[in-house]
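[1] Mind folding the following:
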Amino acid sequence: MKKLLDLISIEVTKAFVENGYDEKYGKATLSNRPDLCEFQCNGAMAAAKQYKKAPFLIADEVAGALQGNEMFSAVDSVKPGFLNLKLSEKYLADYMNEMQNSEKLGVETVGHGETIIVDYGGANVAKPLHVGHLRSAVIGEAVKRMGRFMGYHMIGDVHLGDWGLQMGLIIEELRDRRPDLVYFDENYSGEYPEEAPFTISELEDIYPAASAKSKVDEAFKERAHQATLKLQNGYAPFRAIWKHIMRVSVEDLKKNYGNLKVEFDLWKGESDADPYIPGLIADLQEKGLAYESQGALVVDVSEETDSKEIPPCIVRKSDGAALYATSDLGTILEREKLYAPMEYIYITDKRQQLHFTQVFRVAKKAGYVKPETRMIHIGFGTMNGKDGKPFKTRDGGVMRLEHLIADINEAVYNRIMENREIGEEEAREIAKVVGLSALKYGDLSNQASKDYIFDIDRFVSFEGNTGPYILYTIVRMKSILKKYAETGKTAEGKAIFPAKTAEEKDLMLELAKWNDVMDNAFEETAPHKICAYIFDLSNAFNRFYHGTKILAEEDETVQAGYIRLLELTRSVLETGIDVLGFEAPDRM
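    Numbering: from 1, shown residues only. Purely as a prediction, here's the structure:
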């Protein structure tokens, strides 16, 4: 289904061409003076120079050619040369009915199953998820869902941190605590136990203790380093411990990501890239791209067009160890082999921008990805507390994500119980649904690259630009539709009629932006644009609702038209929040 602005531009362009002017001047835009008109075209101003003619004379001619066009209820030429356009109520109602009967509510599918890899999550095994993991998970899930909605084959990969020094630290701390375990008996030759020698709670205590010990005990740190090397070289006892760590950690991570309604297609990690690294290093050397610098192996990635210096990418340290860049390049080799994606999207803290610039350039320079393959890094800002500093617990620590979710659910529960219209158990269940909307919308409504203030009181409010406000609007619609159905009436098969009021037309005009918003939001990987749209749409609906007696309307045909418009609005809002990764309850 064509976008409304494109359809308007087609008609205005015809009018320019009919009067002998170039078609490039016919582009229409949303009006920047909505008090005067709904759409505008400034093409006459630009055409005046080429045709050496006063712009208002050109605008007059074009306006004349558009008189009588069924698309418009008014076309005015305004000095010095603007075209002010108002859409016909009938044309707009026809567009609404076409939306309602179209797949995806009029959004054209731009993807045709092409593969896009979304790398998000980035959790480290053996550690609990904390607030620092929120943004990558929430933004990544929304981007993945947006792509699927637009017709692409989106593959989400958690890309776990599971192969570095932390593994050696855990192994050696476990040795100190449980030296009797068979993994540390060099004479043991039997099968290793299937059950892990620790629970997730114990594991989450082991790592920070080991990390702290390594900072004051050089001998322990060296043991951990050697244990890491033995693990990476395939030492069977340590591989067995590593498998336990992975199984226990991933099971817990799946539960916690599940509480956020964040799902991954792949649970791969840095360890999966390890087999590709020796060949990667050799290949970079054979191609003459990698060279030694101060004992390390590096690849130059600077380009003439750089506005600031981009240092070489280090692919192997002087002690022979691989780095994150090496791991990410190895992961790209694996992804090319298994999936050959047309595009990569990485979602991390924006402080990693230089790292991904280097990795992308090495991948392109070495020919690991095609020249036309898009490689995008979405660098997000920091979630801050009300003091403007990175969000912390009251005692200054890093808050676990499950505690943050519990806090926001409790705040929503208290807000719901202020009305005391539902039971406690139902209120708890509703609070989980509404709390998730508060958390996700509170994050996604901000442009990803910007820092934002995490304010629970504001996020859980049922008023203003919040997730609960969007859900409250949808629940209001569900309530109206339920009461309408209880009267025994049905609007099925009925049409949306031309708007009778300004509020009704404004709602239709807002609905008509849906396909344009979705297309633009995915093209720019910008979930915040969907948030802005569904907020504006919710406001437009609530103005229509307060100005229109829907259930009290006596003319059943007119009432059915209102119901159909309400159904379309609900469908758009529910589709929008589903793409963002949350849903609406039946009541609040």
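[2] sec struct for Ala273, please.
    helix (DSSP: H, G, I helix; E, B strand; the rest coil).
[3] hang on, it packs against Tyr324?
    No - applying C-beta atoms under 8 Å as the test, Ala273 and Tyr324 come out as separate, 10.2 Å apart. Glycine gets a C-beta too; all of them are placed from N, C-alpha and C.
[4] Tell me where this protein has strands.
    29-30, 39-41, 72-78, 82-87, 115-119, 153-157, 290-293, 296-299, 313-316, 343-349, 374-380, 383-384, 452-453 (DSSP state E).
[5] What is the last one packed up against?
    So that's strand 452-453. If contacts are counted by 3 or more C-beta pairs under 8 Å, 6 or more residues apart in numbering; DSSP states H and E, strand 452-453 sits against strand 383-384.
[6] who touches the strand it packs on?
    For strand 383-384, the surrounding residues in contact (C-beta atoms under 8 Å, 6 or more residues apart in numbering) are 131, 134-135, 390-391, 443, 451-454.
[7] mind putting those residues in JSON lines, pLDDT and neighbour count included?
    Formatted as JSON lines, the contacts of strand 383-384 follow (pLDDT from 0 to 100; neighbours: other C-beta atoms under 10 Å):
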{"residue": "Val131", "pLDDT": "92", "neighbour count": "20"}
{"residue": "Leu134", "pLDDT": "95", "neighbour count": "24"}
{"residue": "Arg135", "pLDDT": "96", "neighbour count": "23"}
{"residue": "Pro390", "pLDDT": "87", "neighbour count": "14"}
{"residue": "Phe391", "pLDDT": "87", "neighbour count": "20"}
{"residue": "Asp443", "pLDDT": "97", "neighbour count": "25"}
{"residue": "Asp451", "pLDDT": "95", "neighbour count": "13"}
{"residue": "Tyr452", "pLDDT": "95", "neighbour count": "18"}
{"residue": "Ile453", "pLDDT": "94", "neighbour count": "15"}
{"residue": "Phe454", "pLDDT": "93", "neighbour count": "21"}
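[8] Closest one to Asn515 out of these, please.
    Asp443 (25.1 Å; C-beta to C-beta).
[9] Could I get the contacting residues of the closest residue to that closest one other than its chain neighbours?
    Once flanking residues are discounted, Asp443 sits nearest to Val138: 5.0 Å by C-beta to C-beta, 6 or more residues apart in numbering. Contacts here follow C-beta under 8 Å, 6+ apart; on that basis Val138 touches 260, 262, 439-440, 443-444, 581.
[10] Just the ones of these in helices?
    When the contacts of Val138 are checked against helices (DSSP state H), the matches are 439-440, 443-444.
[11] Is there a quick PyMOL command that grabs whichever of those residues are buried?
    Buried residues within these, by 16 or more other C-beta atoms under 10 Å, are selected in PyMOL with:
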select buried, resi 439+440+443+444
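[12] Now that we have the ones in helices among the contacts of Val138, can you turn them into TSV and tack on distance to Phe198?
    Below are these laid out as TSV (distance: C-beta to C-beta, whole Å):
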residue	distance to Phe198
Leu439	30
Lys440	33
Asp443	33
Leu444	36
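[13] burial of Ile277, as a residue count?
    A count of nearby residues for Ile277, using other C-beta atoms under 10 Å, gives 19.
[14] how about it, what does it touch?
    Neighbours of Ile277 in contact, by C-beta under 8 Å, 6+ apart: 322, 326-327, 330.
[15] Tyr368: which of those residues is nearest?
    Gly330 (9.9 Å).
[16] Count the residues that sit near that closest one.
    Using other C-beta under 10 Å, Gly330 has 24 neighbouring residues.
[17] Find the nearest non-adjacent residue to it, please.
    Leaving out its chain neighbours, the residue that sits closest to Gly330 by C-beta to C-beta, 6+ apart is Ala273, at 3.2 Å.
[18] Likewise for Val558?
    Excluding its sequence neighbours, the residue lying closest to Val558 (C-beta to C-beta, 6+ apart) is Phe497, at 6.9 Å.
[19] Then Leu323?
    Using C-beta to C-beta, 6+ apart, the closest residue to Leu323 is Ile314 (5.8 Å).
[20] Please name the bridge partners of that neighbour.
    Note on Ile314: beta-bridge partners by DSSP bridges are Val298.
[21] thought it was touching Ala325?
    Yes - using C-beta under 8 Å, Ile314 is in contact with Ala325, at 6.5 Å.
[22] Could I get the full set of helices for the stretch 451-588 of the chain?
    456-459, 467-486, 502-511, 514-523, 527-547, 556-580 (DSSP state H, counting those that start in this stretch).
[23] Stretch 550-563: how far from the chain's middle?
    38 Å (C-alpha atoms, centre = their mean, to the nearest Å).
[24] actually stretch 443-456, sorry about that
    12 Å.
[25] Out of the contacts of strand 383-384, which comes closest to Thr382?
    Set against Thr382, the nearest of the contacts of strand 383-384 by C-beta to C-beta is Asp451 (4.6 Å).
[26] Leaving out chain neighbours, which residue sits closest to that closest one?
    According to C-beta to C-beta, 6+ apart, the nearest residue to Asp451 is Gly381 (3.9 Å).
[27] is it true that the one you found touches Phe454?
    No - at 11.7 Å, Gly381 does not count as touching Phe454 under the criterion of C-beta under 8 Å.
[28] What residues of stretch 60-70 count as buried?
    Within stretch 60-70, the residues scored as buried using 16+ other C-beta under 10 Å are 60-63, 65-66, 69.
[29] what is the rounded mean pLDDT of that stretch?
    For stretch 60-70, mean pLDDT rounds to 97.
[30] Run through the residues that contact Thr228.
    Per C-beta under 8 Å, 6+ apart, neighbours of Thr228: 164-165, 167-168.
[31] What is the neighbour count of Ser102?
    When neighbours are counted by other C-beta under 10 Å, Ser102 comes out with 13.
[32] Name the nearest residue to it, sequence neighbours excluded.
    Ser102's closest residue in space is Met1 (C-beta to C-beta, 6+ apart), at 4.9 Å.
[33] so what's that neighbour up against?
    98-99, 102, 106-108, 515.
[34] Out of the strands of the chain, flag the one nearest Glu554.
    Of all the strands of the chain, strand 72-78 comes closest under C-beta to C-beta, at 27.1 Å.
[35] Can you tell me what sits against the closest one?
    Contacts of strand 72-78 (C-beta under 8 Å, 6+ apart): 11, 36-37, 56, 59-60, 62-63, 66-67, 69, 83-89, 91.
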